[in-house]
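>>> sequence and predicted structure, then a few things I'm wondering about:
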Amino acid sequence: MFKDIIIGQYINADSVLHRLDPKIKIILTVLYVVVLFIIRGSVSYVLFALMTLCLVLMSNIKPKVFIKGLKPLVFIIIFTAVMNLLLTPGTVMVRFWIFKITYEGIRSAVIMFTRLVLLVTGTSLLTLTTSPLKLTDAIETLLSPLSHIKVPAHEIAMMMSIAIRFIPTLADETDKIQKAQTSRGADFQSGNIITRARAMIPLLVPLFISAFRRADELATAMDSRCYNATIKRTKLNTSRIGKADISYALVFICTNIIIIMFGYII
Amino acid sequence: MIKVKNLNYIYQEGMPDQRQALFDISLDFDDGKIYAIIGHTGSGKSTLIEHFNGLVRPTSGKIYIDNSDITDKKTKFSDIRKSVGLVFQYPEYQLFEETVYLDIAFGPKNLGLSKEEIDTRVRYAARLLDIDERLFQKSPFELSGGQKRRVAIAGVLAMRPSVLILDEPTAGLDPRGREKILKIIKNLHTENPKMIIIFVSHSMEDVAKTADEVIVLNKGRICMSGCVDEVFKHSETLQSIGLDIPEISKLMHELSVLGVPVNPDIYTIDGAYDNIKKILLETNN
Amino acid sequence: MLETINLRFEFRDEDLETGEILTDEILHGIDLKIEKGSFVTVLGHNGSGKSTLAKHFNAILTPSSGNVLVGGLNTRDTKNVFDIRKRCGMVFQNPDNQIVAAIVEDEVAFAPENLGIDPKIIRERVDASLKAVEMYDYMHSQTSKLSGGQKQRVAIAGVLAMEPECIVLDEPTAMLDPRGRREVISTIKRLNKTKNMTVVLITHYMDEAVQSDRTVVIDDGKVVLDGTPKEVFSHIETLDKIGLDIPQVTRLMYKLRQDGFDVPECITVDEAKQAILNILGKRK
């Protein structure tokens, strides 16, 4: 099930969206979500969906990936749509048993459905085209003004990037310990929830102990390389916002303004 | 006894990073012998031994342990694990129980044995691994590195397997710790004359000291196999696949190439001492 | 470059039940002077105190009594800490637990970033350091995908990026396979020869000690032997008593010498070969 969730996954490819500055991408994604919830009228929705489709095509990532990403959310999307369909009061169109379907119900179900699909697709675009590391860097830069009000922006970003760095190491370790305990007769698969939870102890205890040991050694290694030597830490690769990024952002903003306008004009 | 017939293993079959890890491996392991598997990282050593207790299923080929086919889908993992004990690399990282005693007892408990039987086995394994019974109530995390490793090996041995496989049992230990583990392997062999012991190693010197038979793996294929004397004769082949040969082996080989009438197949200090002394005395006369 | 003067270190631990302070002296007065540009190995068992000693050179630990000077700076003075760490970098045993970043170039840039160095200069340093350990082609690789030997070389590059005068390596090869060990040792030797880098290598492998200029044997928190590898390995009985390895050829020559044959002390295969050829040639 976890492998189907595409939010948070990165697909390495080359495209306009991959090259776009991650900071701009985060800001535009927030803008995308806001616009999605303020547009009115079917014309606006159709245009907005078309725009999303264009973005998907521009990302150089197979549309199949996006459809696969929607799968785990199918239930939520359909549930929300059905609730809207059945529970919205208004002009009754069809009536059966205790339910009545109204014109407004159909309308809001369609809107809800469209919104959720677009929301998932749009936000996936950010994570699919930005490597987690660039994302953390961008978050750090975007949060850095907040460090004046004592939000530890750098520390948050450092924690996130170390976590990303250790995912493969700990995944490997989990696999090794699991194999070792299986050879000693541990059974992780059978039994009810309580037996299974208990069976996890031989896996979790060594894993946590090793994680603490690693953390301790890593902290020493970081100290020995002058971590915290200065408040003004520099960066090897500072992504600079270029002309292309600004033009892209402007085109995106204009398109969205036009889409919003359509809702109020027509 | 273990019989491996035409074993092939393809890692991540059908996935983009598919890679064949083992090619057509056929081997026989006889009861009562110590085998060493050597080869460098990525040669397929670990994959091969994980086949022996059912953790990995071969892509094709058969493995028989005491004439029962463990690659058969009907064979239960629990039965295989009873007869084949597998000690992983850095086994001390799998310790988890509150006390040394409980950790050693974990395997036997999973076999569903009686309390008395478990107790007998824990004491038996501890004795063979030279673990003082006074340590039983201590937390395994308070022990030294070498002690932890011995407790972890005892945990596998307490399942009383007829085949014991150890993946690089001396990795990361200092010379004293290494000697101790090798001595224990030798002892195990004397106490259980029928047990098959297989250990994976990088160190040719450890192999020379401990094993009866050697299997050399290179890039997923068997490069050589045979008794220690036989395999060490091919010092050039061993060096060409990136393995370190014992210094004595190197010395005798180089002397022989230069025309000194030494026996180039010698790989132990004592052997070289006798051989060179003889030659020196002869030329003296 | 490095100097310890009557260095003692004790480990303090509080007994949680009684509140009693337990102390355990690990280093019992160590006097060492390590010259600039030398390649010194510190040989000893696990628990001999050799790693504790190494951590003093980087001001991770400070002496309980006595002093440690790094390039003339006393490690006790907290003002000096970052200067000391910049001058004397440290590489640790477990390659996985000292790598901070997911990408090789970010890993090497970590220390200069911490020092607030200009990004342009960091770029130059990262490139030069990766070239020095022959990992330049892996600049954009993921650190988790490297082999053990490659990870340790990246860790060395990470230290080189601080442009230190000295590098202390705490059992960098203990978890590596023979190929990885060879990679790391040849990298260290090259740095010592071509860049005149002072190298202190903590190890329990005697074959690594054989390749250094000077070997210090530590046992039970004390310096037991100190000299060229040849001098040190001539003390076969002392080393046997401690339980450290001795090169096979050294032992062979020792046995022959005890039988009255006129062979010199040897620590490498080449020396032994030459010695045997010489004695045979003389007799003929």
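Structure's in. What do you need?
>>> all helices for the stretch 151-285 of chain B, in order.
Assigned by DSSP state H, counting those that start in this stretch, the helices in the stretch 151-285 of chain B fall at B:175-191, B:204-210, B:228-232, B:235-240, B:247-257, B:269-284.
>>> residues making contact with the first one?
Spelled out, that is helix B:175-191. B:32, B:34, B:128-130, B:145-146, B:149-150, B:153, B:157, B:164, B:166, B:169-170, B:173, B:195, B:197, B:199, B:206, B:209-210, C:45-46, C:204, C:206, C:243-245 (CB atoms under 8 Å, 6 or more residues apart in numbering or on different chains). Bear in mind the C-beta positions are built from the backbone N, C-alpha and C, glycine included.
>>> so who does C:P247 touch?
Going by CB under 8 Å, 6+ apart, C:P247 touches B:E247, C:M206, C:D207, C:V210, C:F233, C:C266, C:I267, C:T268.
>>> sorry, slip of the keys, the one I care about is B:L135.
By CB under 8 Å, 6+ apart, B:L135 lies in contact with B:V100, B:L143, B:Q147, B:V151.
>>> on that earlier part again, with mean neighbour count and mean pLDDT added, can I get the helices of the stretch 151-285 of chain B in TSV?
Formatted as TSV, the helices of the stretch 151-285 of chain B follow (neighbours: other CB atoms under 10 Å in any protein chain shown; pLDDT from 0 to 100):
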stretch	mean neighbour count	mean pLDDT
helix B:175-191	17	92
helix B:204-210	22	87
helix B:228-232	19	88
helix B:235-240	15	86
helix B:247-257	22	90
helix B:269-284	16	87
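>>> looking at these, which is closest to C:S51?
C:S51 lies closest, by CB to CB, to one member of those: helix B:175-191, at 15.1 Å.
>>> so does the longest helix belonging to chain C get close to chain B?
Secondary structure of chain C per DSSP state H: the longest helix is helix C:178-195. Yes: judged by CB under 8 Å from any CB of the partner chain, helix C:178-195 and chain B are in contact via C:P178, C:R179, C:G180.
>>> what does stretch C:135-153 contact?
Against stretch C:135-153 from outside (CB under 8 Å, 6+ apart): A:165, A:168-169, B:41, C:91, C:95-96, C:99, C:101-105, C:107, C:126-127, C:130, C:133-134, C:154, C:157, C:172-173, C:175-177, C:179-184, C:187.
>>> ugh, wrong one, stretch A:202-217
Contacts of stretch A:202-217 with the rest of the structure, by CB under 8 Å, 6+ apart, involve A:166, A:169-170, A:173-174, A:177-178, A:181, A:184, A:186, A:188, B:93-96, B:106, B:141, C:92, C:94, C:96-98.
>>> contacts only, for B:Y90.
B:R149, B:A171, B:G172.
>>> filter the residues you listed by proximity to chain A?
Among the contacts of B:Y90, no residue is within reach of chain A (CB under 8 Å from any CB).
>>> tell me the most packed of those, by neighbour count.
Among the contacts of B:Y90, B:R149 has the most neighbours (other CB atoms under 10 Å in any protein chain shown), with 26 neighbours.
>>> for it, which non-adjacent residue is closest in space?
Excluding the flanking residues, the one nearest B:R149 by CB to CB, 6 or more residues apart in numbering or on different chains is B:E92, at 4.9 Å.
>>> so what's that neighbour up against?
When contacts are counted by CB under 8 Å, 6+ apart, B:E92 touches B:G145, B:K148, B:R149, B:V151, B:A152.
>>> I'd say the fourth one and B:V100 touch.
By that I understand B:V151. Yes: B:V151 is in contact with B:V100 according to CB atoms under 8 Å; the separation is 5.4 Å.
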